[in-house]
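Enquirer: requesting a structural model of the entry that follows:
(3 chains)
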Amino acid sequence: MDVSHLIDPLNPAQREAVCAPTGHYLVLAGAGSGKTRVLTHRIGWLTEVERVSPWSILAVTFTNKAAGEMRHRAEQLMPSGTRGLWIGTFHGIAHRLLRQHWREAGLPETFQILDADDQTRLLKRIINGLGLEEARWPARQAAALINGWKDEGKRPGAIPVDFNPALKTQIDIYRNYEEHCQRSGLVDFAELLLRAHELWLNHDELLKHYRERFRHLLIDEFQDTNTLQYAWIRLLAGATGQVFVVGDDDQAIYGWRGAKVENVQQFLRDFPGAKTLRLERNYRSTGNILIAANAVIANNPGRLGKQLWTESELGEALDLYAAYNEQDEARFVIDRIKQAVREGGRNDGCAILYRSNAQSRLFEEALMVEAIPYRVYGGLRFFDRMEIKDALSYLRLCGNRHDDAAFERAVNTPPRGIGERTLDALRSRGRDQKLSMWDAVQAELAGGLLAARAKAALRAFAELIEQLAREHDALTLAEQMANVIERSALKAHYQANAKGQAESRLENLDELINVAARFERSPEDREAGLSELAAFLAHAALEAGDAEGEAWEDCVQLMTLHSAKGLEFPLVFLVGLEDGLFPSQKSLDEEGRLQEERRLAYVGITRARQKLVLCYAESRRWHGMDTFNRPSRFLSEMPNTVLQDVRPRVQVARPSAFGRNASSFLAERGLLRGGVVETPPIKLGANVRHASFGDGVVTDFEGAGAHARVQINFANSGRKWLVLGFAQLTVL
DNA sequence: CGCCGCAGGCTTTTT
DNA sequence: GCCTGCGGCG
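Expert: Residues are numbered from 1 along each chain as shown, chains lettered A, B, ... in the order given. Purely as a prediction, here's the structure:
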C-alpha cells in the first residue's frame, strides 16, 4: 500500500511520532514544529496502515477552530473516509455524550447549555433569593468558585467546610445553583465535563462500551488540560486505550483558569511505558527569533527541555524601540506597518500583540487616523451579543419551558409590562414550591394574588410562547427564527430603542436568520436524537460563530498574547514590554506566575516568521495615571546579538538627568552597539528646519536621550513639541 | 420603565 | 481613562 502521502511530508522526528507502534506517547511539540500535522498524520497512519477503524479513534482539542482544522486535514489524508471518527472539543464531546445518554446522566431530554453570562445572571438571582447581600457575595466570584470546583470534579458535598462560615455560604450558593440548574434543565460549561465524567463513573456498562470503542485517544494542547479533563481521559483510556498526547509545557499559559501543566509529567507516571518524543525543528521563524525565544524560556526552571532549531537563516535582528510614551509607541508601530506595506507586505501579515486588552485602543485610534483596516480579536462573540441572546431565549423557551435563564431574559425584552414586583412574586413562589418560572406563572394564573393587570401581561406572554411553539412545527429553523424576531416585537424594540446601535443590532438579527438558514444538523447530532432546534441552540452555545457574516480582508491583526497562541505572522510587534504590564504587576510577586508570563513571552516571540519588533514606553498613561515602568525583564533575557536598538537619528547634546532610557538600559546590559549617532546633536537654541513646519529655534526639550521631545518655536507655525527621532529636523 | 450620573474596578479566555 | 453596574429620579 502506498503511504507516501502520509510520511513524505514529515521530517525524521515527526515521522517517528506518526509511525510509532501503538502505545502511549507524549509528543513535546515546540512552537511551529508541525504538531497539527503530526496529529492528523497519526490518525491517517492508524487507519491506513495499522488498519484501525476510524470508529475507534477519538481526537480531542480545546477550541472548535482546532477541531475543525484537524477534521479537515484528516479527511484529506483518509481516502477510505472518516466515518465514525470523533474529533471535537472536550465540551463538544461531553455534550454529545450527554445528549446520547441524557437519561443515565440524570438530565431532561431537552436540557440546554448555560453560557457564562447566563450563569452569572442566574447566580445573582439565587444569591438574592437566599437573602444574601450582593455586594458581599458577588455573582461573578461565586461563578468562578463554582466553576473551579467543578473543574476539580467537586460537588458541593465533597468540599470540606473547615468551619469557615464564608466558605459555607459559598457552598450553599453552589448547592442552590445546582438544584436550580437541575430543575431548569440547564448545564453550564464545566457541568458538561463533570456530568460526562460522572456518567462513566456511575455507569459501568457505558464506560465499558466507550472503552471498547475508543481504543485510540489523541489529545491536542495537552498542557492546557485541567484536573477534570485529565481524569476523564484516564477514565476512558482505562487499561486498554492507547493515548497519544501532544503538547508543549513551554506554552502552558492557562494555569490561571485551572489548566495543570503538571498533567504532562503526571501522564508519564500514570501511563506506564509511555514514551516521550520531541519535535524541536521549527519551520516558522528565522534563526534570530528562535535564539531570542530559546534564551527567554531557558530562564524557566523545571522544563521538560526542548530547544528549537531551524535550518532557515538568522534573518534580521529583532528591533527594540524605546518609545517616549504610549502614543509614541503606537505611532512607531503604525509607521512600521506602513513601511512594511510600502515594501510589498500586507496588512494582514502584521500583528500587534499586547498583554492586556486595554492596550488595543491606542493602536486602533492610530490605525483609524491612517485609514488602515484592522481587526481586533477577542471581542464579543456573535452568539453573545445582546440582541442575539434575546432572540435565542424565545427559541429556548419554546424548546424547554422550564429554562429559567431564558425565561428571565425573554419575559421583559421587549418590555411588556411585567415588572420587577411581579417577577419577584414568581421567583419566590418558584423557590418555595420548587417550580420553574414557567410553572410559577401557571400557578399564579390559576389562583395567585397578583393584580389583574400583571396577570393579563403574564397570560399574554405565556400565550405568545405557546403560540410560537405551535407554529414552529410547520416551519424551518430560519422561518422560526424570523417568526420569533417578528412576533416577539424584538425587531421593533431595537428599531426604537438601540440608540446609535439600532442598525448593527438589526443587521445582527438578520444575520441570525441567515445563520439559521445555513445551519445544518450534523449526522452526529441527528444520531444523538437532537432536533434541528436543539442542535442549533447547542451550536450557538458551544461555538463562537466568529465567521458569521463578517469579512476580514487584509486587516492588521490586533490581539492579546493569549489569543495569538497557535497563530503566526510575517511581522509581529510585541508592545508594552514593561515590567508591571508584561510581566503583569500581579504576577511579579509569585515565581510560578512569573514563569507563566515568561511562557507567554515565549508564545509571543514564536508567532513571528520573518521579523519581530519589540517596544516599550518610558512613560505610559495607565488606568488614568502616569506610570514609569522599567523595560520588561524579558528583554534583558534576550542575548544582545539578536537585538538591535532602533534609535532616532538625532540626539540632544545635553545628557539626560534621567538614568532610564533606551541607551542607558542597553548600556547597562552591554547591549549598546553601533557607537555614535551620525547626525550632529541638536543644542538648545539651535536653528532647525522641518519639512512642513519650516524654520524655527529649539527652545526646550524633555525626556531622555535619544527619545527626547523638543520644543521648537517655528517662525510660521508657532511652538510645537516634536519627537526628535522622527521629526526629520535639519540643523541649519 | 428608562435615562442619567456617579462610584469603583481594572490581566489573560474558551467552551 | 473607560466601562460596568447601581441607585435615584422623572
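
Enquirer: ok, and the closest non-adjacent residue to residue A:111?
Expert: residue A:185 (4.4 Å; CB to CB, 6 or more residues apart in numbering). Every C-beta, even on glycine, is put in place using the N, C-alpha and C of the backbone.

Enquirer: OK, contacts around the one you found?
Expert: Shown in contact with residue A:185 (CB atoms under 8 Å, 6 or more residues apart in numbering): A:107-108, A:110-112, A:400, A:402-403.

Enquirer: residue A:532 reaches residue A:521, doesn't it?
Expert: Yes. Between residue A:532 and residue A:521 there is a contact under CB atoms under 8 Å: 5.6 Å.

Enquirer: quick one: list the elements packing against the strand or helix carrying residue A:395.
Expert: Following DSSP states H and E, one finds residue A:395 within helix A:386-399. Under the contact criterion of 3 or more CB pairs under 8 Å, 6 or more residues apart in numbering; DSSP states H and E, helix A:386-399 touches helix A:404-410, helix A:452-472, helix A:477-487, helix A:490-497, helix A:502-518, helix A:532-542.

Enquirer: contact partners of the third one?
Expert: Contacts with helix A:477-487, where a contact means CB under 8 Å, 6+ apart, come from A:391, A:394-395, A:398, A:464, A:467-468, A:471-472, A:475, A:490-491, A:509, A:512-514, A:516-517, A:519, A:532-533, A:536.

Enquirer: contact partners of stretch A:614-629?
Expert: A:318-326, A:328-329, A:332-333, A:573-581, A:631-632, A:635, A:643, A:660-662, A:703-704, A:707.

Enquirer: okay, the nearest residue to residue A:225 once chain neighbours are set aside: pLDDT?
Expert: The spatially closest residue to residue A:225, leaving aside those adjacent along the chain, is residue A:263, at 5.1 Å (CB to CB, 6+ apart). We have a pLDDT of 96 for residue A:263.

Enquirer: same deal with residue A:658?
Expert: 32.

Enquirer: now residue A:709
Expert: Predicted confidence (pLDDT) for residue A:709: 63.

Enquirer: any idea which strand is longest in chain A?
Expert: Across chain A, the longest stretch assigned as strand under DSSP state E is strand A:608-622.

Enquirer: after it, which helix or strand is next?
Expert: strand A:625-627.

Enquirer: that older thread, three-state assignment of the residue nearest to residue A:225?
Expert: Following DSSP: H, G, I helix; E, B strand; the rest coil, residue A:263 is assigned to helix.

Enquirer: and the gap between it and DNA strand B?
Expert: Between residue A:263 and DNA strand B the computed distance is 16 Å (CB to the nearest atom of the strand, to the nearest Å).

Enquirer: tell me, how many residues neighbour that residue?
Expert: 25 (other CB atoms under 10 Å).

Enquirer: any part of the helix or strand where residue A:66 lies near DNA strand B?
Expert: Using DSSP H and E, residue A:66 maps to helix A:64-77. Yes. Against DNA strand B, helix A:64-77 shows contacts by CB under 7 Å from any atom of the strand at A:64-65.

Enquirer: okay, buried residues for that helix please.
Expert: A:64, A:66-71, A:73-74, A:77 (16 or more other CB atoms under 10 Å).

Enquirer: residue A:100: which of the residues you listed is nearest?
Expert: residue A:67 (18.4 Å; CB to CB).

Enquirer: wait, what's in contact with the closest one?
Expert: A:59, A:61, A:87-89, A:92.

Enquirer: excluding sequence neighbours, find me the nearest residue to it.
Expert: residue A:61 (4.5 Å).

Enquirer: in the stretch 601-732 of chain A, where is pLDDT below threshold?
Expert: A:648-685, A:699-709, A:711, A:718-719, A:721, A:723-728 (pLDDT under 70).

Enquirer: any idea how many residues pack against the residue in the stretch 401-550 of chain A that DNA strand B sits nearest to?
Expert: Taking CB to the nearest atom of the strand, DNA strand B has its nearest neighbour within the stretch 401-550 of chain A at residue A:415, 3.3 Å off. Residue A:415 is flanked by 12 other residues according to other CB under 10 Å.

Enquirer: before we move on, what about residue A:195?
Expert: If you count neighbours by other CB under 10 Å, residue A:195 ends up with 22.

Enquirer: what about it, distance to DNA strand B?
Expert: Taking CB to the nearest atom of the strand, one finds residue A:195 at 14 Å from DNA strand B.

Enquirer: give me the nearest residue to that residue, chain neighbours excluded.
Expert: residue A:105 (5.2 Å).

Enquirer: quick check: the one you found touching residue A:199?
Expert: Yes. Using CB under 8 Å, residue A:105 is in contact with residue A:199, at 4.9 Å.

Enquirer: what touches both of those two?
Expert: Joint contacts of residue A:105 and residue A:199 (CB under 8 Å, 6+ apart) are A:97-98.

Enquirer: can you read off the pLDDT for residue A:270?
Expert: 96.

Enquirer: host element of the nearest residue to it once chain neighbours are set aside?
Expert: Nearest non-adjacent residue to residue A:270, counting by CB to CB, 6+ apart: residue A:234, 6.2 Å away. Using DSSP H and E, residue A:234 sits in helix A:227-237.

Enquirer: wait, what's in contact with residue A:496?
Expert: residue A:502.

Enquirer: per-residue pLDDT, it?
Expert: 78.

Enquirer: now do it against residue A:370, distance only.
Expert: Separation of residue A:496 from residue A:370 (CB to CB, to the nearest Å) stands at 37 Å.

Enquirer: secondary structure class for the residue of the stretch 401-550 of chain A closest to DNA strand B?
Expert: Classified using three-state DSSP, residue A:415 is coil.

Enquirer: for the residue lying closest to it once chain neighbours are set aside, give its distance to residue A:485.
Expert: Setting aside the residues directly before and after it, residue A:415 is nearest to residue A:493 in space (CB to CB, 6+ apart), at 8.0 Å. Look at residue A:493 and residue A:485: by CB to CB, they are 10 Å apart.

Enquirer: in helices, which of the contacts of residue A:185 appear?
Expert: Using DSSP state H, no member of these falls in helices.

Enquirer: of the residues you listed, just the buried ones, ChimeraX syntax please.
Expert: Command for ChimeraX that selects the buried part of those, burial taken from 16+ other CB under 10 Å:
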select /A:107,110,111,112,400,402,403
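
Enquirer: pipe the contacts of residue A:185 into CSV and attach distance to DNA strand C and pLDDT per row.
Expert: Putting the contacts of residue A:185 into CSV (distance: CB to the nearest atom of the strand, whole Å; pLDDT from 0 to 100) gives the following:
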residue, distance to DNA strand C, pLDDT
A:107, 29, 96
A:108, 29, 95
A:110, 28, 92
A:111, 26, 95
A:112, 22, 94
A:400, 25, 92
A:402, 25, 94
A:403, 21, 93
